[in-house]
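[1] Any chance you can model this:
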Amino acid sequence: MNISEVVKKTGIKASTLRYYEEIGLIKSLGRKGLQRYFAADVIDQLALISLAKCADFSLQEISTMFAANEQPLVDRNKLLDKAAHIDETIKRLTLMRNCLKHAAECKAPSHLECPSFRRLMKAAITGRLTGST
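    Next up is the predicted model:
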């Protein structure tokens with residue numbers, strides 16, 4: 001299928017497809033004139049790339065997820081590590097959301113007098129909200 005058909009089927013911009021080809025994430029079968037052509041299985045490759053990007057894998061990390069024959073070769077330990085990282089992010093964001101909601105509704109005269117807001121401030125200064133100090 002030509003690049004226009006891939007764009008229609010996936011919603012991924014042609015410039016992104018060309019970039020993915022340039023960095024080796026996907027391969028075209030060749031060109032006819034100015035049009036690149038791709039095998040039908042490029043749709044599955046692009047779906048896996050999109051899924052990995054949604055899980056916050058970098059393009060460099062994604063590039064290691066395909067074998068030389070372009071078949072998926074996903075390290076299950078990397079998936080578990082990413083899942084653990086997402087769990088930590090969820091914990092931090094949940095803490096922040098809960099404290100902000102409480103501070104917005106708190107009857108304390110000042111946010112600095114609100115214990116929940118002060119916990120949020122302490123978490124921020126100690127790096128617990130960003131994952132670093």
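
[2] hey, let's count contacts and neighbours off CA atoms from now on
    Fine.

[3] And the strands in the chain?
    30-32, 35-37 (DSSP state E).

[4] Report the distance from the first one to the chain centre.
    In this view, strand 30-32 has its centroid 31 Å away from the chain centroid, taken as C-alpha atoms, centre = their mean, to the nearest Å.

[5] avg pLDDT for stretch 11-31?
    Stretch 11-31 shows a mean pLDDT of 94.

[6] Next, the distance between the ends of that stretch.
    Terminal residues of stretch 11-31 are spaced 21 Å apart (C-alpha to C-alpha, to the nearest Å).

[7] In JSON lines: the strands of the chain, plus mean neighbour count.
    Converted to JSON lines, the strands of the chain look like this (neighbours: other C-alpha atoms under 10 Å):
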{"stretch": "strand 30-32", "mean neighbour count": "11"}
{"stretch": "strand 35-37", "mean neighbour count": "16"}
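
[8] In CSV: these, plus distance to E88.
    Formatted as CSV, the strands of the chain follow (distance: least, C-alpha to C-alpha, whole Å):
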stretch, distance to E88
strand 30-32, 44
strand 35-37, 42
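
[9] quick one: contacts of stretch 25-40?
    1-3, 6, 17, 20-21, 42, 45-46, 62-63, 70 (C-alpha atoms under 8 Å, 6 or more residues apart in numbering).
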